[in-house]
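> okay, predicted coordinates and the sequence, questions at the end:
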Amino acid sequence: MDVDLSELDDWLGTLEELQLSSMLFCLDIWEILREHESVNPLPKNKALLIEPVSTGVM
């Protein structure tokens with residue numbers, strides 16, 4: 001039985017790219033939170049609201 005794995009390989013590559021992008025996004029958010037916390041520490045019962053940043057990806 002011949003199986004064409006190129007489409008599956010493409011999907012795997014796409015999933016890996018999405019995973020990497022989400023990890024980098026989370027690291028960026030974490031860095032923003034750390035910088036903000038060092039400048040203006042938040043009380044423990046308060047939340048920090050961050051406006052979304054456009055990544056140009058749709």
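That came through fine. Numbers count the residues shown, from 1 in each chain.

> pLDDT weak spots in the protein?
Along the chain, the parts satisfying pLDDT under 70 run over 1, 39-58.

> show me the helices in it, by range?
Remark: helices assigned in the chain by DSSP state H are 6-39.

> and Met23, how many neighbours?
Applying other CB atoms under 10 Å, we find 10 residues neighbouring Met23. Any C-beta I mention is one placed from the backbone N, CA and C, and that applies to glycine too.

> could you measure from it over to Leu12?
Here Met23 is placed at a distance of 16 Å from Leu12 (CB to CB, to the nearest Å).

> how about Arg34?
Taken as CB to CB, the span from Arg34 to Leu12 is 33 Å.

> same deal with Ser21?
15 Å.

> likewise for Asp4?
From Asp4 over to Leu12 the distance is 14 Å, taken as CB to CB.

> so which of the two has more stuff around it?
Ranked by neighbour count (other CB under 10 Å), Asp4 and Leu12 place Leu12 first, with 11 against 7.

> give the contact list for the more buried one.
Under the criterion of CB atoms under 8 Å, 6 or more residues apart in numbering, Leu12 has no neighbours.

> try it again with 10 Å
When contacts are counted by CB atoms under 10 Å, 6 or more residues apart in numbering, Leu12 touches Leu5.

> also Thr14?
Contact analysis of Thr14 by CB under 10 Å, 6+ apart lists nothing.

> for burial, what's the neighbour tally of His36?
When neighbours are counted by other CB under 10 Å, His36 registers 13.

> er, Phe25 I mean
Phe25 has 13 neighbours, counted by other CB under 10 Å.

> go on, Leu18?
Leu18, neighbours per other CB under 10 Å, totals 11.

> how close does it sit to Leu27?
15 Å.

> do Gln19 as well
Gln19 is 13 Å from Leu27, by CB to CB.

> phi, psi of Ala4?
Check again: residue 4 is Asp, not Ala. The phi/psi pair for Asp4 (degrees, to the nearest 10) reads phi -90, psi 110.

> give the contact list for it.
By CB under 10 Å, 6+ apart, Asp4 has no neighbours at all.
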